[in-house]
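Engineer: sequence? don't have it. structure:
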């Protein structure tokens, strides 16, 4: 920028000073020099213009082109950077959507798996309760059967005692054989009735 300013100042001074010098050499006034073109004035003007062009080309053209190219490259880089940022943003949006979809799928799978586990646990609890009920029923039945066996054994004991008492009665009465037989049969019938009713005969 400093060199460009120097070139512009030098060119301006040359463009203003040379025609004045040329007009002074021609002997005419400034007004005559402006109205009547002179070869010297045209020559110095063209020479000044060419010098100015050469100076601009040497000192100002390359920096101007460099600045323009740098500006163009900066704009191009900014556009490219913005394009890359946009592509990265779009890629991040796509990845975010994929992560959301995956999270939704995993949540749905977790809920489904939880429901399956709950149903399985419910079935296991019901099966265990059924097994415990069956075991309890079997134990109850076993206890009932044991109670019945014990009751039958006690009943037999009572029957034996009663038979012994009946025998003692028979012996004490000195009955004949038909009477003894009839008494035993009656007693056994009473024993059967008492076994059916659950009470022992007296």
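Structural biologist: Perfect, thanks for sending it. All values derive from a computational prediction rather than experimental measurement.
Engineer: need the residue closest to the centroid of the protein.
Structural biologist: By Cα atoms, centre = their mean, the chain has its centre lying nearest to residue 103, at 2.5 Å.
Engineer: need the pLDDT of it.
Structural biologist: Looking at residue 103, its pLDDT is 93.
Engineer: that one sits in which helix or strand?
Structural biologist: helix 62-173 (DSSP states H and E).
Engineer: by contact count, what packs against that helix?
Structural biologist: helix 2-26, helix 177-197 (3 or more Cβ pairs under 8 Å, 6 or more residues apart in numbering; DSSP states H and E). Yep, even glycine has a C-beta here, placed from its N, CA and C like the rest.
Engineer: mind telling me which of these the model trusts least?
Structural biologist: Among those, helix 2-26 carries the lowest mean pLDDT (a mean of 51).
Engineer: and stretch 70-77, which residues are buried?
Structural biologist: By 16 or more other Cβ atoms under 10 Å, stretch 70-77 has no buried positions at all.
Engineer: pull the distance from it to the chain's centre.
Structural biologist: A distance of 43 Å separates the centroid of the chain from that of stretch 70-77, by Cα atoms, centre = their mean, to the nearest Å.
Engineer: swap in stretch 115-135?
Structural biologist: Distance, centroid of stretch 115-135 to centroid of chain: 32 Å (Cα atoms, centre = their mean).
Engineer: average pLDDT across that stretch?
Structural biologist: Computed over stretch 115-135, the average pLDDT equals 89.
Engineer: cool, stretch 138-145 as well?
Structural biologist: Averaging pLDDT along stretch 138-145 gives 89.
Engineer: now it, how far from the centre of its chain.
Structural biologist: Distance, centroid of stretch 138-145 to centroid of chain: 56 Å (Cα atoms, centre = their mean).
Engineer: contacts for it?
Structural biologist: The contact list for stretch 138-145 (Cβ atoms under 8 Å, 6 or more residues apart in numbering) is empty.
Engineer: break the protein down into its domains, please.
Structural biologist: Following automatic domain parsing, one gets these domains for the chain: 1-66, 149-197.
Engineer: okay, residue 48: pLDDT?
Structural biologist: Per-residue pLDDT puts residue 48 at 92.
Engineer: quick one: buried residues of the helix or strand hosting it?
Structural biologist: Using DSSP H and E, residue 48 maps to helix 39-55. By neighbour count with 16+ other Cβ under 10 Å, helix 39-55 contains the buried residues 40, 41, 44, 45, 48, 51, 52, 55.
Engineer: turn those residues into a markdown table, columns for distance to residue 109.
Structural biologist: Shown next, in a markdown table, are those (distance: Cβ to Cβ, whole Å):
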| residue | distance to residue 109 |
| --- | --- |
| 40 | 99 |
| 41 | 95 |
| 44 | 93 |
| 45 | 90 |
| 48 | 87 |
| 51 | 84 |
| 52 | 81 |
| 55 | 79 |
